[in-house]
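K.L.:
below is the sequence, then the predicted model.
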Amino acid sequence: MNHFRKIALVSFALSLPGVIGFLFFDHAATSVPIQIANIVFIVIGVVAFFIFLREPTVRGKMIFLNFAVFFLASLTGLLFPFIGKSFFSDNPFAGLYFDQYIMRGMVVFLLAFTVLYAVVDSVFSQFTILRKYIVTFIIVGGVFSYYYHPFFTDPRYLYKTPEIEDFRSVDRVVNDLKMEGNVNPTPSDIAERVTLNAWNANKPVGSLFREDNLARIAFILPYLNGNNYTMLLLKPLYKNVIFIDVLAIMFIIVFFGYQYKKDPPQGAYTEKILFLFLPLCSLDILHYLAYVSLQNYDVYFELYSIGQYLIIVNSLFLLIFFSLRLSFITSVKGEFYERELVLDSEHISRWRDGIDSLIVRHFLNPKTFHGRLFTPRESKPRA
């Protein structure tokens, strides 16, 4: 049985329980494109794991082990809709905990860690594997701790933010007014009953002036409708995801800046894979920016589901390059090339893959470049 058939069987086995679960178990609202994106990620993770098993060098094994762990973490995406519904249904906070610690916690941490490790591996190639992991963990762990520490000191931190405190105050007044017959109270009606706090570092420091109070009430009102309150509740958490995604993009830019400047040897297709993380992280940022900006959950969910089609397209390109990497390292020439990168990188021609050759053939002068794209030929002295 060839490895691609094994990949298909393993991916099917990992995804099937989640798919069956949506047919027979109670679950939260989701959409087909969201779950397709999760399944494609799982397939990529399986391919990355097979690359890890077949990598001829320890350096390459660690890079693709990180990729495998990150993409296989998408199994949590299949599980998430069942938390608080079919599983842990007796805990009203189960879904929130799973979201903040797993979906927007562990998975986001793995994304930044995976990207930064690849950068550290390139920039500090002389480091041992252990030192690379230590440097990566210190940087990612430090930034992650800075943004996420409130969630670890208080699991219900999101329920104690100024926005939620103001939401509760406005909600109480609106309910009282509705019971009195005012079914559509205006901000002015509400302001006659309550003056919201002014906040500094999540602590009340006084009361808002009239105009500020009206503006704050008008801001809170849309969140009282339907499921809109969840957008206000999760806004601090999702802002943190944006910061971590921006950090990952900065790491990728550093990687390509270093590649352009120093041209260190890299395994075949590794650069293409990291490049595709740019649109992946950028789309993630756009999704969460929409979440923290919009005030209507239904509109957001529709936009998010549509955006998943772009994620799927990007993920399919990732799957292609991971598969090409696996095919390459399992070939005789690929195994030889990858070992020579470690043993004698200064005297081996840079590998130019099919995408590089396509760009050179159609957009550049093939006589000007050898080995890898942007590696010019050295001029030969005349006799």
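P.N.:
Ah, there it is. Small disclaimer: the values here were computed from a predicted structure and weren't measured.

K.L.:
use CA for all of it now, contacts and neighbours both
P.N.:
Fine.

K.L.:
element containing the closest residue to V123 other than its chain neighbours?
P.N.:
Leaving aside its chain neighbours, V123 sits nearest to Y258 (7.1 Å; criterion: CA to CA, 6 or more residues apart in numbering). Under the criterion of DSSP states H and E, Y258 resides in helix 229-262.

K.L.:
backbone dihedrals for F209, please?
P.N.:
phi -70, psi 160 (degrees, to the nearest 10).

K.L.:
retrieve the pLDDT associated with it.
P.N.:
Looking at F209, its pLDDT stands at 93.

K.L.:
residues touching S323, list them.
P.N.:
V47 (CA atoms under 8 Å, 6 or more residues apart in numbering).

K.L.:
need phi/psi at it.
P.N.:
Main-chain torsions, S323, degrees, to the nearest 10: phi -70, psi -40.

K.L.:
for the one 3 residues further on, same thing?
P.N.:
Dihedral angles of L326 (phi, psi; degrees, to the nearest 10) stand at phi -60, psi -40.

K.L.:
isn't it up against I51?
P.N.:
Yes. The pair L326 / I51 is scored as a contact, 5.4 Å apart, by CA atoms under 8 Å.

K.L.:
what mean pLDDT does the one helix or strand S315 maps to have?
P.N.:
Using DSSP H and E, the secondary-structure element containing S315 is helix 297-329. Per-residue pLDDT over helix 297-329 has a mean of 91.

K.L.:
now it and helix 229-262, what's the angle there?
P.N.:
Interaxial angle, helix 297-329 versus helix 229-262 (axes from the mean of the first three to the mean of the last three CA atoms, to 10 degrees): 30 degrees.

K.L.:
in helix 297-329, what's buried?
P.N.:
By neighbour count with 16 or more other CA atoms under 10 Å, helix 297-329 contains the buried residues 297, 300-301, 304-305, 307-312, 314-316, 318-319, 321-326, 328-329.

K.L.:
before we move on, what about stretch 218-228?
P.N.:
So stretch 218-228, judged by 16+ other CA under 10 Å, has buried residues A218, I220, L221, Y223, L224, N228.

K.L.:
repeat for stretch 278-291
P.N.:
L278, L280, C281, L283, D284, I285, H287, Y288, L289, Y291.

K.L.:
so what's the first one scoring on pLDDT?
P.N.:
At L278, the pLDDT value in this model is 95.

K.L.:
show the backbone phi and psi for it.
P.N.:
phi -60, psi -60.

K.L.:
show me the contacts for the closest residue to it other than its chain neighbours.
P.N.:
Spatial nearest neighbour of L278, excluding adjacent residues (CA to CA, 6+ apart): I249 at 6.1 Å. By CA under 8 Å, 6+ apart, the contact set of I249 is F277, L278, C281, S282.

K.L.:
rerun that using 10 Å as the cut-off
P.N.:
112, 115-116, 243, 255, 274-275, 277-282 (CA atoms under 10 Å, 6 or more residues apart in numbering).

K.L.:
can you check F275 too?
P.N.:
I249, I252, I253, F255, F256, Y269, L318.

K.L.:
with G206 instead?
P.N.:
G206 neighbours (CA under 10 Å, 6+ apart): T195, L196, N197, A198, W199, N200.

K.L.:
and the second one, how far from N182?
P.N.:
By that I understand L196. To N182, L196 is 21 Å away according to CA to CA, to the nearest Å.

K.L.:
of those two, who's got more company?
P.N.:
Between L196 and N182, counting by other CA atoms under 10 Å, L196 is the more crowded of the two (23 against 13).

K.L.:
thought the more buried one was touching E211?
P.N.:
No. Between L196 and E211 there is no contact, the gap being 11.3 Å when judged by CA atoms under 10 Å.

K.L.:
anything in contact with each of these two?
P.N.:
I217.

K.L.:
find the nearest non-adjacent residue to V143, please.
P.N.:
I244 (8.0 Å).

K.L.:
hmm, L116 and the one you found touching each other?
P.N.:
No. Applying CA under 10 Å, one finds I244 not in contact with L116, separated by 11.4 Å.

K.L.:
pairing partners for the helix or strand harbouring W199, with directions?
P.N.:
W199 is part of strand 197-200 when elements are defined by DSSP H and E. Partner strands and pairing direction for strand 197-200 (DSSP bridges) are strand 203-207 (antiparallel).
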